[in-house]
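Participant: sequence and predicted structure below; questions after.
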Amino acid sequence: MKFPRLSTLVPALATTAAAATAAAKVPGLRTKAAIGIANLATYASRATGRGSGGMIGGLIAEKIDPQIMKNLGGGRPVAIVTGTNGKSTTTRMLTSALRSSHSVATNDGGDNMDAGIISALMAGREASHIVLECDELHVPAVVDRLRPNCLVLLNLSRDQLDRVGEINKIERALRDCVAAHPELTVVANCDDVLVTSIALAAKNVVWVSAGAGWLGDSVSCPRTGGHIIHNNGSWKAAKPLPDGSAFARPEPDWTITDAGITDSSGHTHPLSLQLPGRANRGNATQAVAAAVACFDIPVEKAISAVESVDDVAGRYSTLQLGDRSIHLLLAKNPAGWQEAMSMVDRSADGLVIAVNGQVADGEDLSWLWDVQFEDFGPLKVIASGERGTDLAVRLTYAEIDHDLVSDMVAAIEACPAGNIEVLANYTAFRDLKRALERRIATEKEN
(Lines give C-alpha, C1' and ligand atoms only; values in the text may rest on other atoms or scores of the structure.)
Protein backbone atom coordinates (compact mmCIF):
# COMPACT_ATOMS: atom_id res chain seq x y z
CA MET A 1 0.00 0.00 0.00
CA LYS A 2 1.36 3.41 -0.96
CA PHE A 3 0.88 6.10 1.68
CA PRO A 4 0.68 9.81 0.87
CA ARG A 5 3.65 12.00 1.73
CA LEU A 6 3.49 13.45 5.22
CA SER A 7 3.86 16.96 3.78
CA THR A 8 0.50 16.51 2.02
CA LEU A 9 -1.14 15.22 5.20
CA VAL A 10 -0.08 18.07 7.50
CA PRO A 11 -2.20 20.79 5.80
CA ALA A 12 -5.22 18.50 5.95
CA LEU A 13 -4.55 17.81 9.60
CA ALA A 14 -4.17 21.53 10.27
CA THR A 15 -7.51 22.25 8.56
CA THR A 16 -9.17 19.55 10.65
CA ALA A 17 -7.48 20.94 13.75
CA ALA A 18 -8.76 24.44 13.01
CA ALA A 19 -12.29 23.11 12.71
CA ALA A 20 -11.90 21.19 15.96
CA THR A 21 -10.59 24.30 17.70
CA ALA A 22 -13.51 26.39 16.54
CA ALA A 23 -15.96 23.76 17.76
CA ALA A 24 -14.24 23.11 21.08
CA LYS A 25 -15.13 26.16 23.20
CA VAL A 26 -15.14 24.16 26.45
CA PRO A 27 -11.58 23.59 27.77
CA GLY A 28 -12.15 19.89 28.39
CA LEU A 29 -13.52 19.39 24.89
CA ARG A 30 -10.67 21.39 23.41
CA THR A 31 -8.15 19.08 25.06
CA LYS A 32 -10.02 15.99 23.85
CA ALA A 33 -10.13 17.39 20.32
CA ALA A 34 -6.42 18.14 20.46
CA ILE A 35 -5.62 14.59 21.57
CA GLY A 36 -7.75 13.09 18.80
CA ILE A 37 -6.16 15.12 16.03
CA ALA A 38 -2.68 14.60 17.49
CA ASN A 39 -3.18 10.82 17.51
CA LEU A 40 -4.12 10.99 13.84
CA ALA A 41 -0.98 12.99 13.06
CA THR A 42 1.16 10.51 14.98
CA TYR A 43 -0.34 7.62 13.04
CA ALA A 44 0.25 9.41 9.75
CA SER A 45 3.89 10.08 10.64
CA ARG A 46 4.53 6.44 11.47
CA ALA A 47 2.53 5.06 8.54
CA THR A 48 4.45 7.14 5.99
CA GLY A 49 7.79 6.28 7.59
CA ARG A 50 8.56 9.94 8.22
CA GLY A 51 9.29 9.51 11.89
CA SER A 52 8.34 7.91 15.19
CA GLY A 53 5.52 10.41 15.77
CA GLY A 54 7.09 11.58 19.02
CA MET A 55 7.02 15.24 18.01
CA ILE A 56 4.33 15.98 15.44
CA GLY A 57 1.45 14.87 17.67
CA GLY A 58 2.56 17.23 20.40
CA LEU A 59 3.12 20.10 17.97
CA ILE A 60 -0.42 19.85 16.59
CA ALA A 61 -2.01 19.24 19.99
CA GLU A 62 -0.48 22.43 21.39
CA LYS A 63 -1.71 24.46 18.40
CA ILE A 64 -5.26 23.34 19.15
CA ASP A 65 -5.03 23.64 22.93
CA PRO A 66 -2.21 25.94 24.17
CA GLN A 67 -2.97 24.79 27.74
CA ILE A 68 -2.74 21.08 26.93
CA MET A 69 0.52 20.43 28.80
CA LYS A 70 -0.91 21.90 31.99
CA ASN A 71 -4.23 20.09 31.47
CA LEU A 72 -2.54 16.74 30.87
CA GLY A 73 -0.38 17.17 33.98
CA GLY A 74 -3.56 17.04 36.00
CA GLY A 75 -1.87 17.74 39.32
CA ARG A 76 -0.02 14.42 39.30
CA PRO A 77 3.41 14.08 40.99
CA VAL A 78 6.04 15.18 38.46
CA ALA A 79 9.83 14.90 38.28
CA ILE A 80 11.81 16.90 35.71
CA VAL A 81 15.36 15.84 34.83
CA THR A 82 17.65 18.33 33.11
CA GLY A 83 21.31 18.99 32.41
CA THR A 84 23.71 19.06 29.50
CA ASN A 85 24.52 15.35 29.64
CA GLY A 86 22.85 12.28 31.13
CA LYS A 87 19.20 13.37 30.88
CA SER A 88 17.94 10.29 29.04
CA THR A 89 19.86 7.83 31.20
CA THR A 90 18.86 9.43 34.51
CA THR A 91 15.23 9.72 33.38
CA ARG A 92 15.21 6.03 32.46
CA MET A 93 16.70 5.15 35.86
CA LEU A 94 14.32 7.35 37.87
CA THR A 95 11.37 6.00 35.89
CA SER A 96 12.49 2.45 36.65
CA ALA A 97 12.72 3.29 40.36
CA LEU A 98 9.25 4.81 40.46
CA ARG A 99 7.75 1.97 38.47
CA SER A 100 8.66 -0.33 41.34
CA SER A 101 5.65 1.21 43.12
CA HIS A 102 3.71 3.35 40.62
CA SER A 103 2.64 3.65 36.99
CA VAL A 104 4.72 6.28 35.21
CA ALA A 105 4.34 8.44 32.09
CA THR A 106 7.69 9.36 30.54
CA ASN A 107 9.33 10.52 27.30
CA ASP A 108 11.60 7.51 26.94
CA GLY A 109 12.21 8.29 23.26
CA GLY A 110 14.29 11.30 24.26
CA ASP A 111 11.94 13.94 22.78
CA ASN A 112 12.61 16.50 25.50
CA MET A 113 11.15 19.76 24.19
CA ASP A 114 7.54 20.94 24.51
CA ALA A 115 6.10 18.84 21.68
CA GLY A 116 7.79 15.64 22.83
CA ILE A 117 6.71 16.21 26.42
CA ILE A 118 3.09 16.76 25.34
CA SER A 119 3.22 13.54 23.27
CA ALA A 120 4.50 11.62 26.31
CA LEU A 121 1.75 13.06 28.51
CA MET A 122 -0.92 12.13 25.95
CA ALA A 123 0.43 8.58 25.79
CA GLY A 124 0.55 8.31 29.59
CA ARG A 125 -2.77 9.86 30.59
CA GLU A 126 -3.62 6.96 32.89
CA ALA A 127 -0.30 6.92 34.77
CA SER A 128 -0.18 8.00 38.41
CA HIS A 129 3.25 9.69 38.18
CA ILE A 130 5.25 11.60 35.56
CA VAL A 131 9.01 11.58 34.95
CA LEU A 132 10.30 13.74 32.10
CA GLU A 133 13.65 14.69 30.70
CA CYS A 134 13.62 18.31 29.61
CA ASP A 135 15.92 20.39 27.44
CA GLU A 136 17.55 23.07 29.57
CA LEU A 137 16.11 25.92 27.51
CA HIS A 138 12.57 24.61 28.00
CA VAL A 139 12.70 23.96 31.75
CA PRO A 140 11.27 27.31 32.97
CA ALA A 141 8.15 27.06 30.77
CA VAL A 142 7.61 23.37 31.56
CA VAL A 143 7.98 23.97 35.30
CA ASP A 144 5.48 26.84 35.11
CA ARG A 145 2.91 24.57 33.45
CA LEU A 146 3.43 21.25 35.23
CA ARG A 147 4.41 22.51 38.71
CA PRO A 148 6.70 19.53 39.43
CA ASN A 149 7.57 18.61 42.99
CA CYS A 150 11.05 17.42 41.97
CA LEU A 151 13.74 18.91 39.71
CA VAL A 152 16.91 16.89 39.12
CA LEU A 153 19.88 19.05 38.06
CA LEU A 154 22.69 16.92 36.63
CA ASN A 155 25.35 19.24 35.17
CA LEU A 156 25.83 22.29 32.97
CA SER A 157 28.53 22.75 30.35
CA ARG A 158 28.88 24.23 26.87
CA ASP A 159 26.70 22.57 24.28
CA GLN A 160 25.44 23.71 20.87
CA LEU A 161 26.51 27.35 20.89
CA ASP A 162 24.51 28.17 17.75
CA ARG A 163 21.29 27.01 19.47
CA VAL A 164 21.81 27.18 23.22
CA GLY A 165 24.13 30.16 23.53
CA GLU A 166 26.47 30.87 26.42
CA ILE A 167 26.12 28.52 29.37
CA ASN A 168 25.99 31.31 31.99
CA LYS A 169 22.77 32.56 30.36
CA ILE A 170 21.20 29.12 30.88
CA GLU A 171 22.43 29.09 34.48
CA ARG A 172 20.72 32.42 35.20
CA ALA A 173 17.44 31.30 33.58
CA LEU A 174 17.37 28.09 35.63
CA ARG A 175 18.32 30.00 38.79
CA ASP A 176 15.37 32.35 38.27
CA CYS A 177 13.08 29.37 37.61
CA VAL A 178 14.07 27.67 40.86
CA ALA A 179 13.68 30.89 42.85
CA ALA A 180 10.17 31.38 41.40
CA HIS A 181 9.06 27.90 42.54
CA PRO A 182 9.80 27.44 46.23
CA GLU A 183 7.64 24.30 46.23
CA LEU A 184 10.31 22.46 44.25
CA THR A 185 12.62 19.93 45.83
CA VAL A 186 15.87 20.22 43.87
CA VAL A 187 18.19 17.22 43.61
CA ALA A 188 21.47 18.87 42.63
CA ASN A 189 24.99 17.73 41.79
CA CYS A 190 27.13 19.68 44.25
CA ASP A 191 30.32 18.79 42.32
CA ASP A 192 29.12 21.01 39.48
CA VAL A 193 29.72 24.73 40.11
CA LEU A 194 26.92 25.99 37.83
CA VAL A 195 24.38 23.49 39.19
CA THR A 196 25.25 24.52 42.73
CA SER A 197 24.69 28.18 41.84
CA ILE A 198 21.23 27.32 40.48
CA ALA A 199 20.27 25.22 43.50
CA LEU A 200 21.28 27.92 46.00
CA ALA A 201 18.02 29.62 45.03
CA ALA A 202 15.96 26.62 46.22
CA LYS A 203 14.34 26.27 49.64
CA ASN A 204 14.58 22.47 49.57
CA VAL A 205 17.79 20.94 48.21
CA VAL A 206 19.13 17.39 48.23
CA TRP A 207 22.86 17.66 47.49
CA VAL A 208 24.43 14.76 45.62
CA SER A 209 28.13 14.26 44.96
CA ALA A 210 27.74 12.74 41.49
CA GLY A 211 31.12 13.76 40.08
CA ALA A 212 32.29 16.38 37.60
CA GLY A 213 34.68 14.98 35.03
CA TRP A 214 34.57 18.10 32.83
CA LEU A 215 35.84 21.30 34.46
CA GLY A 216 36.16 23.44 31.34
CA ASP A 217 33.12 25.54 32.28
CA SER A 218 33.86 25.71 36.02
CA VAL A 219 36.75 28.17 36.03
CA SER A 220 34.81 31.28 37.06
CA CYS A 221 32.05 31.92 39.59
CA PRO A 222 28.65 32.58 37.99
CA ARG A 223 27.64 34.77 40.94
CA THR A 224 30.75 36.89 41.62
CA GLY A 225 32.81 36.67 38.44
CA GLY A 226 35.88 35.61 40.42
CA HIS A 227 37.77 32.43 39.73
CA ILE A 228 36.96 28.97 41.13
CA ILE A 229 39.62 27.12 43.10
CA HIS A 230 39.51 23.34 42.63
CA ASN A 231 41.23 21.12 45.18
CA ASN A 232 41.01 17.31 45.51
CA GLY A 233 37.45 17.03 44.25
CA SER A 234 36.19 20.06 46.18
CA TRP A 235 35.90 23.66 45.04
CA LYS A 236 35.30 27.20 46.29
CA ALA A 237 35.02 30.69 44.81
CA ALA A 238 37.88 33.09 45.46
CA LYS A 239 35.45 35.95 46.11
CA PRO A 240 32.67 35.88 48.72
CA LEU A 241 29.02 36.32 47.77
CA PRO A 242 27.48 39.80 48.12
CA ASP A 243 26.21 38.91 51.62
CA GLY A 244 29.75 38.01 52.70
CA SER A 245 29.22 34.25 52.76
CA ALA A 246 31.45 31.81 50.90
CA PHE A 247 30.37 30.16 47.68
CA ALA A 248 31.79 26.66 47.97
CA ARG A 249 30.92 23.05 47.33
CA PRO A 250 28.11 22.06 49.73
CA GLU A 251 28.44 19.01 51.92
CA PRO A 252 26.63 16.22 50.04
CA ASP A 253 23.67 14.28 51.40
CA TRP A 254 24.35 11.44 48.93
CA THR A 255 27.69 10.36 47.43
CA ILE A 256 28.86 7.91 44.80
CA THR A 257 32.17 6.12 45.37
CA ASP A 258 33.82 2.98 44.05
CA ALA A 259 32.16 1.15 46.96
CA GLY A 260 28.65 2.25 46.00
CA ILE A 261 26.02 4.83 46.95
CA THR A 262 26.30 6.42 50.38
CA ASP A 263 22.86 7.65 51.45
CA SER A 264 21.84 10.54 53.67
CA SER A 265 22.16 8.39 56.80
CA GLY A 266 25.76 7.51 55.99
CA HIS A 267 25.09 3.91 54.94
CA THR A 268 26.84 2.68 51.78
CA HIS A 269 24.92 0.46 49.37
CA PRO A 270 26.77 -1.55 46.68
CA LEU A 271 25.93 -0.49 43.13
CA SER A 272 26.35 -2.79 40.14
CA LEU A 273 25.16 -1.12 36.94
CA GLN A 274 24.72 -2.71 33.54
CA LEU A 275 25.55 0.60 31.87
CA PRO A 276 29.24 1.56 31.57
CA GLY A 277 31.13 4.61 32.75
CA ARG A 278 31.76 6.71 35.82
CA ALA A 279 29.18 9.29 34.75
CA ASN A 280 26.40 6.71 34.78
CA ARG A 281 27.21 5.86 38.39
CA GLY A 282 26.66 9.53 39.18
CA ASN A 283 23.42 9.52 37.17
CA ALA A 284 22.23 6.49 39.11
CA THR A 285 22.99 8.18 42.42
CA GLN A 286 20.91 11.23 41.53
CA ALA A 287 18.07 9.01 40.32
CA VAL A 288 18.10 7.02 43.56
CA ALA A 289 18.32 10.18 45.69
CA ALA A 290 15.31 11.67 43.85
CA ALA A 291 13.28 8.47 44.17
CA VAL A 292 13.92 8.25 47.90
CA ALA A 293 13.74 11.95 48.84
CA CYS A 294 10.88 13.03 46.58
CA PHE A 295 8.76 9.90 46.15
CA ASP A 296 9.43 7.78 49.28
CA ILE A 297 10.76 4.79 47.34
CA PRO A 298 12.83 2.55 49.68
CA VAL A 299 16.53 2.96 48.88
CA GLU A 300 17.21 -0.74 48.24
CA LYS A 301 14.21 -0.93 45.94
CA ALA A 302 15.40 2.15 44.04
CA ILE A 303 18.95 0.81 43.66
CA SER A 304 17.69 -2.54 42.40
CA ALA A 305 15.56 -0.73 39.83
CA VAL A 306 18.38 1.44 38.45
CA GLU A 307 20.62 -1.62 38.27
CA SER A 308 18.07 -3.26 35.96
CA VAL A 309 18.44 -0.54 33.28
CA ASP A 310 20.43 -2.09 30.45
CA ASP A 311 19.63 0.12 27.47
CA VAL A 312 18.95 3.80 26.77
CA ALA A 313 17.76 4.15 23.17
CA GLY A 314 20.61 1.92 22.00
CA ARG A 315 23.29 4.33 23.25
CA TYR A 316 25.57 1.60 24.58
CA SER A 317 24.42 -1.19 22.26
CA THR A 318 26.52 -3.73 20.37
CA LEU A 319 25.49 -4.83 16.86
CA GLN A 320 26.92 -7.74 14.90
CA LEU A 321 27.59 -7.13 11.20
CA GLY A 322 29.32 -10.10 9.60
CA ASP A 323 32.66 -10.61 11.33
CA ARG A 324 32.54 -7.25 13.12
CA SER A 325 31.09 -6.62 16.58
CA ILE A 326 30.18 -2.91 16.64
CA HIS A 327 29.96 -1.10 19.99
CA LEU A 328 28.05 2.22 19.69
CA LEU A 329 28.67 5.22 21.94
CA LEU A 330 26.87 8.57 21.71
CA ALA A 331 28.57 11.89 22.46
CA LYS A 332 27.16 15.36 21.80
CA ASN A 333 29.40 18.02 23.36
CA PRO A 334 32.91 18.35 24.87
CA ALA A 335 31.95 17.00 28.29
CA GLY A 336 30.05 14.09 26.74
CA TRP A 337 32.91 13.30 24.36
CA GLN A 338 35.43 13.21 27.18
CA GLU A 339 33.25 10.77 29.12
CA ALA A 340 32.50 8.60 26.08
CA MET A 341 36.18 8.39 25.15
CA SER A 342 36.91 6.99 28.61
CA MET A 343 34.59 4.08 27.73
CA VAL A 344 36.38 3.21 24.47
CA ASP A 345 38.06 -0.20 24.56
CA ARG A 346 41.68 0.58 23.64
CA SER A 347 42.23 -3.12 22.80
CA ALA A 348 39.55 -3.07 20.06
CA ASP A 349 40.43 -3.76 16.42
CA GLY A 350 39.26 -0.38 15.15
CA LEU A 351 37.68 2.95 16.07
CA VAL A 352 35.29 4.97 13.91
CA ILE A 353 34.58 8.55 14.98
CA ALA A 354 31.57 9.98 13.13
CA VAL A 355 30.46 13.61 13.18
CA ASN A 356 27.52 15.34 11.49
CA GLY A 357 26.66 19.03 11.66
CA GLN A 358 22.90 19.08 11.26
CA VAL A 359 20.57 21.37 13.24
CA ALA A 360 20.05 18.74 15.94
CA ASP A 361 23.83 18.42 16.37
CA GLY A 362 24.60 22.11 16.20
CA GLU A 363 25.96 23.41 12.92
CA ASP A 364 28.89 25.12 14.67
CA LEU A 365 31.52 22.40 15.24
CA SER A 366 34.10 24.63 16.92
CA TRP A 367 33.63 22.46 20.01
CA LEU A 368 35.78 19.80 18.33
CA TRP A 369 38.79 21.84 19.45
CA ASP A 370 37.74 21.54 23.10
CA VAL A 371 37.85 17.72 22.99
CA GLN A 372 41.10 16.00 23.93
CA PHE A 373 41.51 13.50 21.07
CA GLU A 374 45.22 13.01 21.74
CA ASP A 375 45.18 9.50 23.27
CA PHE A 376 43.78 6.48 21.44
CA GLY A 377 46.81 4.23 21.89
CA PRO A 378 47.36 1.73 19.07
CA LEU A 379 43.77 1.87 17.76
CA LYS A 380 43.21 2.21 14.02
CA VAL A 381 41.13 5.41 13.75
CA ILE A 382 38.78 6.37 10.91
CA ALA A 383 37.10 9.78 10.69
CA SER A 384 33.62 9.68 9.17
CA GLY A 385 30.25 11.40 8.85
CA GLU A 386 28.98 14.44 6.98
CA ARG A 387 31.57 16.61 8.74
CA GLY A 388 34.29 13.99 8.71
CA THR A 389 36.69 16.43 7.05
CA ASP A 390 36.36 18.89 9.97
CA LEU A 391 37.07 15.99 12.34
CA ALA A 392 40.03 14.85 10.25
CA VAL A 393 41.60 18.31 10.55
CA ARG A 394 41.21 18.16 14.34
CA LEU A 395 42.73 14.66 14.48
CA THR A 396 45.63 15.84 12.35
CA TYR A 397 46.42 18.59 14.85
CA ALA A 398 46.07 16.03 17.64
CA GLU A 399 48.71 13.96 15.80
CA ILE A 400 46.35 10.98 15.53
CA ASP A 401 47.09 8.76 12.55
CA HIS A 402 43.76 8.24 10.80
CA ASP A 403 41.91 7.63 7.54
CA LEU A 404 38.90 9.57 6.23
CA VAL A 405 35.90 7.57 4.99
CA SER A 406 32.79 9.75 4.78
CA ASP A 407 30.22 6.94 4.53
CA MET A 408 29.81 5.60 8.06
CA VAL A 409 29.01 1.97 7.20
CA ALA A 410 31.92 1.92 4.74
CA ALA A 411 34.14 3.32 7.50
CA ILE A 412 33.24 0.37 9.72
CA GLU A 413 33.92 -2.05 6.86
CA ALA A 414 37.32 -0.40 6.38
CA CYS A 415 38.27 -1.53 9.88
CA PRO A 416 39.80 -4.96 10.48
CA ALA A 417 37.43 -7.78 11.44
CA GLY A 418 36.75 -8.08 15.16
CA ASN A 419 35.63 -5.57 17.78
CA ILE A 420 34.92 -2.09 16.43
CA GLU A 421 34.30 0.91 18.68
CA VAL A 422 32.13 3.73 17.29
CA LEU A 423 31.89 7.25 18.72
CA ALA A 424 29.23 9.41 17.06
CA ASN A 425 27.34 12.62 17.68
CA TYR A 426 23.55 12.80 17.67
CA THR A 427 22.38 12.50 14.06
CA ALA A 428 25.45 10.48 13.05
CA PHE A 429 24.62 7.97 15.80
CA ARG A 430 20.94 7.88 14.79
CA ASP A 431 21.61 7.48 11.07
CA LEU A 432 24.38 4.91 11.50
CA LYS A 433 22.32 2.78 13.87
CA ARG A 434 19.42 2.73 11.40
CA ALA A 435 21.72 1.90 8.50
CA LEU A 436 23.37 -0.93 10.41
CA GLU A 437 20.04 -2.38 11.49
CA ARG A 438 18.80 -2.33 7.88
CA ARG A 439 22.02 -3.93 6.66
CA ILE A 440 21.89 -6.64 9.33
CA ALA A 441 18.23 -7.38 8.54
CA THR A 442 19.04 -7.65 4.81
CA GLU A 443 21.91 -10.04 5.44
CA LYS A 444 19.69 -12.23 7.62
CA GLU A 445 17.06 -12.38 4.86
CA ASN A 446 19.70 -13.45 2.36
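Facilitator: That came in fine, so what should we check first? Numbers count the residues shown, from 1 in each chain.

Participant: who does the nearest residue to Glu437 once chain neighbours are set aside form a beta bridge with?
Facilitator: Excluding the flanking residues, the one nearest Glu437 by C-beta to C-beta, 6 or more residues apart in numbering is Leu319, at 7.2 Å. For every residue, glycine as well, the C-beta is placed using N, CA and C. Beta bridges link Leu319 to Ile326, judged by DSSP bridges.

Participant: can you pull the contacts of Leu319?
Facilitator: By C-beta atoms under 8 Å, 6 or more residues apart in numbering, Leu319 lies in contact with 325-326, 328, 433, 436-437, 440.

Participant: look up how far Glu443 lies from it.
Facilitator: Taking C-beta to C-beta, to the nearest Å as the measure, Leu319 falls 12 Å from Glu443.

Participant: point out where this protein drops to low pLDDT.
Facilitator: The model of the chain has pLDDT under 70 over residues 1-27, 38-39, 41-54, 160-165.

Participant: let me see the domain layout of it.
Facilitator: Following the TED database, the chain resolves into domains at 66-308, 316-445.

Participant: so which of those domains is the most packed in?
Facilitator: For the domains of the chain, the largest average neighbour count (mean count of other C-beta atoms under 10 Å) is found in domain 66-308, namely a mean of 20.

Participant: which one of the contacts of Leu319 sits closest to Ala127?
Facilitator: Distances from Ala127 to the contacts of Leu319, taken as C-beta to C-beta, are shortest for Lys433 (28.3 Å).

Participant: His327 is in contact with that closest one, correct?
Facilitator: No - here Lys433 lies out of contact with His327, judged by C-beta atoms under 8 Å, at a distance of 11.9 Å.

Participant: Val355 against Tyr426, yeah?
Facilitator: No - counting by C-beta under 8 Å, Val355 stays clear of Tyr426, with 10.0 Å between them.

Participant: spell out the residue ranges of the helices in the stretch 1-150 of the chain.
Facilitator: In the stretch 1-150 of the chain, the helices defined using DSSP state H, counting those that start in this stretch lie at 6-23, 27-47, 56-64, 68-73, 87-98, 114-123, 139-146.

Participant: mind giving me the packing neighbours of the fourth one?
Facilitator: With contacts defined as 3 or more C-beta pairs under 8 Å, 6 or more residues apart in numbering; DSSP states H and E, helix 68-73 has these neighbours: helix 27-47, helix 56-64, helix 114-123, helix 139-146.

Participant: so how far is the last one from its chain's centroid?
Facilitator: The one in question is helix 139-146. Averaging C-alpha positions (C-alpha atoms, centre = their mean, to the nearest Å) puts helix 139-146 17 Å from its chain's average.

Participant: and what of stretch 202-215?
Facilitator: That offset, for stretch 202-215, works out to 17 Å (C-alpha atoms, centre = their mean).

Participant: please apply the same query to stretch 379-396.
Facilitator: For stretch 379-396, the distance to the chain centre is 25 Å (C-alpha atoms, centre = their mean).

Participant: likewise for stretch 328-347?
Facilitator: 15 Å.

Participant: how about stretch 399-415?
Facilitator: Relative to the chain's own centre, stretch 399-415 is displaced by 27 Å; criterion: C-alpha atoms, centre = their mean.

Participant: do the same with stretch 74-90
Facilitator: Counting by C-alpha atoms, centre = their mean, stretch 74-90 comes out at 9 Å from the chain centroid.

Participant: need the contact list for Leu321.
Facilitator: Contacts here follow C-beta under 8 Å, 6+ apart; on that basis Leu321 touches 412, 436, 439-440, 443.

Participant: narrow these to those in helices?
Facilitator: Counting by DSSP state H, the part of those found in helices is 412, 436, 439-440, 443.
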